[in-house]
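Asks: just the structure for this:
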Amino acid sequence: MDIKHEEVAQTESSLLASFPDYLGAQKLVDRMSDDGFPVESVRIIGDGVRTVEQVTGRMTRGRAAVAGAASGAWFGVFIGLLFGLFTAGQTWAWFVFISLAVGAFWGAVFGFVAHWSTRGRRDFASVMTLQARRYEVHVDKARAAEAAKYVL
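Replies: Purely as a prediction, here's the structure:
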């Protein structure tokens, strides 16, 4: 079987503006879009991308168990609702309740064990994000002159 790959044509682009944060680049492109500019020819490029990990608090075995119970409960509700689709009458509510309880229990067990198994090597919770040093708005060279009016 022959699979054909479609290639995306890269056109030459021109730097229109540079911003220290994404919000500035987003506002420029939004203004261009609101004015009817063909934004399909615009790119927002993040330059100097890095990961930033924001520590949100201390992680204890208890907090790990509670977080595991919460995620397990959501999963249990989902499974209970799926099984509940195939039941008649009020039985579906019992499926949801029992699945929630079982999911919360096993989620707590797995959360506790997962944290315990690290033996204190990671006793904190965090959220990881990507950030760029700057954000550049580029536009296809064919539309560069038309786009220049947006950065005056």
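
Asks: quick check: the gap between the residue positioned nearest the centre of the chain and T56.
Replies: The structure's the chain has its C-alpha centroid closest to T129; by Cα atoms, centre = their mean the separation is 9.0 Å. Look at T129 and T56: by Cβ to Cβ, to the nearest Å, they are 12 Å apart. To be clear about C-beta, it is placed using only N, CA and C from the backbone, and glycine gets the same treatment.

Asks: check L130 too.
Replies: Distance, L130 to T56, by Cβ to Cβ: 17 Å.

Asks: tell me where the model's unsure across this protein.
Replies: Regions of the chain meeting the criterion pLDDT under 70 cover residues 1-10.

Asks: mind checking the longest helix of it?
Replies: Once the chain is assigned using DSSP state H, the helix that runs over the most residues is helix 91-117.

Asks: so after that one, what's the next helix or strand?
Replies: Proceeding C-terminally, helix 91-117 gives way to strand 124-131 as the next helix or strand, assigned by DSSP states H and E.

Asks: packing partners of that following strand?
Replies: strand 50-58 (3 or more Cβ pairs under 8 Å, 6 or more residues apart in numbering; DSSP states H and E).

Asks: who's in contact with the strand it packs on?
Replies: Outside of strand 50-58, the residues within contact range by Cβ atoms under 8 Å, 6 or more residues apart in numbering are 63, 123-133.
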